[in-house]
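Undergrad: what would the 3D arrangement of this be:
(chains A and B)
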Amino acid sequence: MSRIIVGMSGGVDSAVAASILVDKGYEVEGIFMKNWEEESEFCSAEKDYKDALQVCDILGIKIHSINFAKEYWERVFEHFLEEYKNGRTPNPDILCNTEIKFKEFLHYAKDLGADVIATGHYARIYHNNHEVLLKKGSDLEKDQSYFLHGLNQHQISSAIFPIGDLEKFEIRKQAKKLGFNNYNKKDSVGICFIGERNIKEFLQTYIPSKTGNIVDQNGKILGEHDGIMYYTIGQRKGLGIGGGHTNQNGAWYVLKKDAINNVLIVGQGHDHPALYHKRLKASNPHWISGIAPKKHTLNAKIRYRSNDVPCNIIELGMDNIEVEFKDPCFAIAPGQSIVFYDKDICLGGAIIESYSN
Amino acid sequence: MYYFDHSATTPVHPDVSELMDSIQSTIYGNPSSIYSSGQKAKSIVENARKQIADSISAEPEQIIFTSGGTESNNQVLWCMLQNQKKHVISNNIEHPAVIKVLEFLKPFGLDHTLINVDSDGIISIDNVKKAINPQTSLISLMLANNEIGSIQPIKTVMDIARENNIMVHSDAVQCMGKMELDVIDLGVDFLSLSAHKFYGPKGIGILYAKEPKNMSSLIIGGGQEMGLRAGTENVACIAGMGLAAKLATASIDKHINSLLEFEEQFKRGLQTFFPNAIFNGSQVNKLPGLINVSFPKHRSDILMAKLDRVNIAISNGSACGAGDIKPSPVLSAMGIEDTINLSTLRFSFGKSNTPEQIDYLLNQLKSILTPE
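TA: Okay, here's the model as predicted:
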């Protein structure tokens, strides 16, 4: 019988993942990971820990805790801040998977004698001859393969995703049936360490904000921004320059972030041509199989939960790639990842650096 | 379960448990009520007060029942806000129930100095002397440390305190039954104890005050405990604590001897297969049966989890509400670097142990630390 260690977040997904493994007769233990320290005395992780504890209690399994706050800070958070400072829009959850959950946590679990680790991710793993494949979760609304595209063969062959072929409603139903307190817990939204907080207020405590001009494409000053890092390409709300829906030319959108000159360039209307681009360049391509795909006509997501869009990898290097979309793509944000799919198989991805037409 | 964490808490003595059960089910009167069932409850409380007082050579009038060591410490420190002199001396390996209270009280006008300990976890008298200023009203010094067991030179500190007209409080929650506790001999003005550390129930403790009339209540309300601790008395727990104190005092020599034997057996055994073990803190001036060991190149959380699988309960570092382990501030204060700090376990033996259990512990440790 194999020993499986489950990363328990206190949420309903990992709880049901653990229960499935217990039902299958594995020797299951839970590990609660704490990756973030609050400055305040009040330990917000405590509520999550108690939820995880209650689940483990019902399942009759042991739970251990581990603090990766230092590793998270050094390898995920500092990079996250750096990206924001450079006017980009980073995705720390991708890095958290490659650096923390499927590196530090995996290593720790192996030290504890685990044969494999399990998490409550919505994704599926298939062992196919000599290769391990990562597939989208069955619940396409919840599919998290986007966040997992940075894993390698070693990492995914050491992991199982027990809920990957279930739908969210089934998870909640099962959790309720088992008496888990967290059955109705809200899905986590946004970046884990920011949680329910306002991202702007959060960033303010770490990065000094520098006000600057909001201009249109002709350089006409329309207003002042609070700091370029608070805005994302394609953002409509919170620009504070009026116009909104009532404006006959349409609402204002962030078209571009000019970090060097600290200027935010805006334009009117969701259909503004400057928001759509046909090509992008991306760096640090990573392929789950370990080798670049032979097929270059694929689908891609340029942010979590965006639709798959048909594209063609027109240049495929070791360090950089260039992608051309079939149709122009809305609001490509440097710092985010482009993730490639062949049907429901996640192949890997790269970090968006620039876009063009 | 193989329980080697008696410094965290102890199993309730069966006689104590039985007494408490019988009180809970039969004596439900309020000790403040004057009819006979109330009187009965009152006499149970006062009998326990006498038992506790006797166990530390105090007078019953000097014993205030509290919810435990933390509350007792709080009461002493909060009372210092009313003192004319507003400076307290403590040290950097004190329990959070002292250090955090001092930090909290600072903006309210109670100043403090935390003196350092040496690599043995013991304060130096010179440092105490240096920290004294004309405003110093109190020195708060734990009698023995909860993580490493080091025993502080309270009596020497007492002499200096007397000369300077300073009061002394000692958090002695680790000590009952493991060393002689005589408040006259120690000379302290205040002493905190907690029942669950000496085979009594949780949620009950005492504050010894040499001059209770100079104290004030931390919990405001009714006039219980001579007006020094409001709230209806926890009769069953108080009775349980009284009996636990009596039992602990009666068996102290035997208890200390068996703790020393367990300690010797453990240390000797450990060194045969893990000679790199580092025993932290003074090995001379320390509580018997409490051993703090670093296992270089091993992580304490991994060791703990593996020991837990074989039903062994021990502890490490300071766990937060989410159960994750951080470097122990006590070991840091002694100059121990973080990697060694995070490879440290505390073993604390007690009445529930046998030599066979220590052998089991050693065998399990051996197979974890030196796998084939």
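
Undergrad: show me where pLDDT drops low in chain A?
TA: A:1, A:39-44, A:189-190, A:196, A:242-247 (pLDDT under 70).

Undergrad: tell me who's in contact with the spatially closest residue to A:S188 that is not a sequence neighbour.
TA: Closest residue to A:S188 apart from its sequence neighbours, by C-beta to C-beta, 6 or more residues apart in numbering or on different chains: A:G11 at 6.7 Å. For the C-beta atoms, the positions are set from N, CA and C on the backbone; glycine is no exception. Counting by C-beta atoms under 8 Å, 6 or more residues apart in numbering or on different chains, A:G11 makes contact with A:48, A:51, A:120, A:182, A:185, A:187-188.

Undergrad: A:H121 now?
TA: A:13, A:137, A:144, A:147-148, A:161, A:163-164.

Undergrad: that's a helix at it, yeah?
TA: No - looking at A:H121 with DSSP: H, G, I helix; E, B strand; the rest coil, it is coil, so not inside a helix.

Undergrad: from the contacts of A:H121, which is closest to A:L316?
TA: A:L316 has its nearest neighbour among the contacts of A:H121 in A:L148, at 21.4 Å by C-beta to C-beta.

Undergrad: that closest one contacts A:L133, doesn't it?
TA: No - in this structure A:L148 lies outside contact range of A:L133 using C-beta atoms under 8 Å: 11.8 Å.

Undergrad: compare these two (neighbour count), which wins?
TA: Each of A:L148 and A:L133 has its neighbours counted (other C-beta atoms under 10 Å in any protein chain shown); A:L148 has more, 30 against 18.

Undergrad: and chain A, which residues reach chain B?
TA: Taking C-beta under 8 Å from any C-beta of the partner chain as the criterion, chain A approaches chain B at residues A:29, A:32, A:34, A:43, A:45-46, A:48-49, A:53, A:62-67, A:108, A:111-113.

Undergrad: of the residues you listed, grab the buried ones for ChimeraX.
TA: Of the residues of chain A next to chain B, the buried ones can be selected in ChimeraX as follows, counting by 16 or more other C-beta atoms under 10 Å in any protein chain shown:
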select /A:29,32,34,43,45,46,48,49,53,63,64,65,66,67,108,112
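
Undergrad: in helices, which of the residues of chain A next to chain B fall?
TA: A:45-46, A:48-49, A:53, A:108, A:111 (DSSP state H).

Undergrad: before we move on, back to that, name the nearest of the contacts of A:H121 relative to B:Q271.
TA: Nearest member of these to B:Q271, counting by C-beta to C-beta, is A:F161, at 45.7 Å.

Undergrad: which stretches of chain B form strands?
TA: B:2-3, B:63-66, B:87-91, B:111-115, B:136-140, B:167-171, B:190-194, B:205-209, B:278-279, B:290-294, B:312-313, B:318-319, B:325-326, B:344-348 (DSSP state E).

Undergrad: ok, which of the ones you listed comes nearest chain A?
TA: Among the strands of chain B, the nearest to chain A by C-beta to the nearest C-beta is strand B:325-326 (6.5 Å).

Undergrad: tell me the mean pLDDT over that closest one?
TA: Averaging pLDDT along strand B:325-326 yields 82.

Undergrad: on that earlier part again, what would the contacts of A:H121 look like in a markdown table with distance to A:C346 and secondary structure?
TA: Formatted as a markdown table, these follow (distance: C-beta to C-beta, whole Å; DSSP: H, G, I helix; E, B strand; the rest coil):
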| residue | distance to A:C346 | secondary structure |
| --- | --- | --- |
| A:D13 | 18 | helix |
| A:G137 | 10 | coil |
| A:Q144 | 10 | coil |
| A:F147 | 10 | helix |
| A:L148 | 7 | helix |
| A:F161 | 12 | coil |
| A:I163 | 17 | coil |
| A:G164 | 12 | coil |
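
Undergrad: most widely separated two among those residues?
TA: A:F147 and A:I163 (14.8 Å).

Undergrad: which one of those two is surrounded by more residues?
TA: The neighbour comparison of A:F147 against A:I163 (other C-beta under 10 Å) goes to A:I163, with 30 against 23.

Undergrad: my read: the more buried one touches A:S19, true?
TA: No - under the criterion of C-beta under 8 Å, A:I163 makes no contact with A:S19, lying 9.8 Å away.

Undergrad: and A:L280, what helix or strand is that in?
TA: strand A:276-287 (DSSP states H and E).

Undergrad: apart from its chain neighbours, what residue comes closest to B:S348?
TA: Per C-beta to C-beta, 6+ apart, closest to B:S348 is B:S7, 3.7 Å.

Undergrad: residues near the one you found, how many?
TA: With other C-beta under 10 Å as criterion, B:S7 counts 26.

Undergrad: so it sits against B:H196, correct?
TA: No - taking C-beta under 8 Å as the definition, B:S7 is not a contact partner of B:H196, at 11.0 Å.

Undergrad: please name the nearest non-neighbouring residue to B:G223.
TA: B:A230 (7.3 Å).

Undergrad: circling back: among the contacts of A:G11, the buried ones, what's the PyMOL command?
TA: Of these, the buried ones go into a single PyMOL selection, burial set by 16+ other C-beta under 10 Å:
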select buried, chain A and resi 48+51+120+182+185
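
Undergrad: so which of the contacts of A:G11 sit within helices?
TA: Using DSSP H, the contacts of A:G11 in helices are A:48, A:51.

Undergrad: which of the contacts of A:G11 sits closest to chain B?
TA: Nearest member of the contacts of A:G11 to chain B, counting by C-beta to the nearest C-beta, is A:D48, at 7.4 Å.

Undergrad: right, and the closest one touches A:G10 too?
TA: Yes - the pair A:D48 and A:G10 passes the contact test of C-beta under 8 Å, sitting 3.0 Å apart.

Undergrad: overlap in contacts, these two.
TA: A:F32.
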